[in-house]
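Visitor: below are the sequence and a predicted model for it; my questions follow.
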Amino acid sequence: MRFLLPLFIVIPIIEMWVLIQVGGMIGAWPTIGLVLLTAMIGLHLLKQQGLSTLMRANQKMAEGNLPAEEMLEGIALAIGGALLLTPGFFTDAIGFVCLLPFTRKLVVKQLLKKGLFMAASQMQGGAAFQAQFNSSAGFTSSAERDDVIDGEFTRDGQDKIPKS
């Protein structure tokens, strides 16, 4: 988290510098047009890639597998979409890396390989996820338990507001 503050300072400075350089070369209105064009292309890509990723995630869930990779791709798509809506060419470049399928998959695979999302990548399916969740949380199905106690209770006098 220590890297966020410098990131929020450095990235806008880079953006301003690049926008000034491009504006000096091609003019202000063409620069604004390019920024708007990249935003529109980014929104189109976000919609297309988001639906594709959602369909793959649904397919994996229907097969009983945990869509870990698709979930990470969804996060990358959200980050990429936000960066493309931010005016500037530097953030647009990072946003396109997150939105283009081949670069996004490469980034997600690298994150999984480095172990940043190890728990999600080691799950083989929904059953494994459920089994790990149940064992870690102490939950078992009602068929496996025979010590269930059912009852009712009331509180006497505790819910009354004392008179002053």
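Guide: The structure has been received and is ready for your questions. Numbering: from 1, shown residues only.
Visitor: give the buried residues for the helix or strand hosting Lys60.
Guide: Secondary structure assigned from DSSP states H and E places Lys60 in helix 28-62. Neighbour-count burial for helix 28-62 flags 31, 34-35, 38-39, 42, 45-46, 49-50, 53, 57, 60 (criterion: 16 or more other C-beta atoms under 10 Å). The way it works is simple: take the backbone N, C-alpha and C, and place the C-beta from them, glycine included.
Visitor: with stretch 106-116 instead?
Guide: 107-108, 111-112.
Visitor: tabulate the buried residues of helix 28-62 (a markdown table), appending pLDDT and distance to Pro101.
Guide: Below are the buried residues of helix 28-62 laid out as a markdown table (pLDDT from 0 to 100; distance: C-beta to C-beta, whole Å):
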| residue | pLDDT | distance to Pro101 |
| --- | --- | --- |
| Thr31 | 93 | 28 |
| Leu34 | 93 | 23 |
| Val35 | 91 | 24 |
| Thr38 | 90 | 18 |
| Ala39 | 89 | 20 |
| Gly42 | 88 | 14 |
| Leu45 | 88 | 9 |
| Leu46 | 89 | 12 |
| Gln49 | 88 | 6 |
| Gly50 | 88 | 11 |
| Thr53 | 89 | 9 |
| Ala57 | 89 | 14 |
| Lys60 | 89 | 17 |
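Visitor: quick one: the helices in the protein?
Guide: For the chain, helices defined by DSSP state H occupy the ranges 4-26, 28-62, 68-85, 89-99, 101-113, 118-122, 126-137.
Visitor: quick one: average pLDDT of the last one?
Guide: When you say that, I think you mean helix 126-137. Helix 126-137 comes out with an average pLDDT of 47.
Visitor: and the shortest one, by the same measure?
Guide: Throughout helix 118-122, pLDDT has a mean value of 47.
Visitor: low-confidence stretches in the protein?
Guide: 1, 115-146, 157-164 (pLDDT under 70).
Visitor: now with 80?
Guide: For the chain, applying pLDDT under 80 flags the ranges 1-4, 111-112, 114-164.
Visitor: just to revisit the earlier point, of the buried residues of stretch 106-116, which is the nearest to Glu69?
Guide: Of all those, Glu69 sits closest to Val108, with 6.0 Å by C-beta to C-beta.
Visitor: ok, and the closest non-adjacent residue to that closest one?
Guide: Nearest residue to Val108 in three dimensions, chain neighbours excluded: Leu72, at 4.7 Å (C-beta to C-beta, 6 or more residues apart in numbering).
Visitor: can you put the helices of the chain in CSV and add distance to Phe153?
Guide: What follows is the helices of the chain, written out as CSV (distance: least, C-beta to C-beta, whole Å):
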stretch, distance to Phe153
helix 4-26, 48
helix 28-62, 40
helix 68-85, 41
helix 89-99, 53
helix 101-113, 48
helix 118-122, 39
helix 126-137, 25
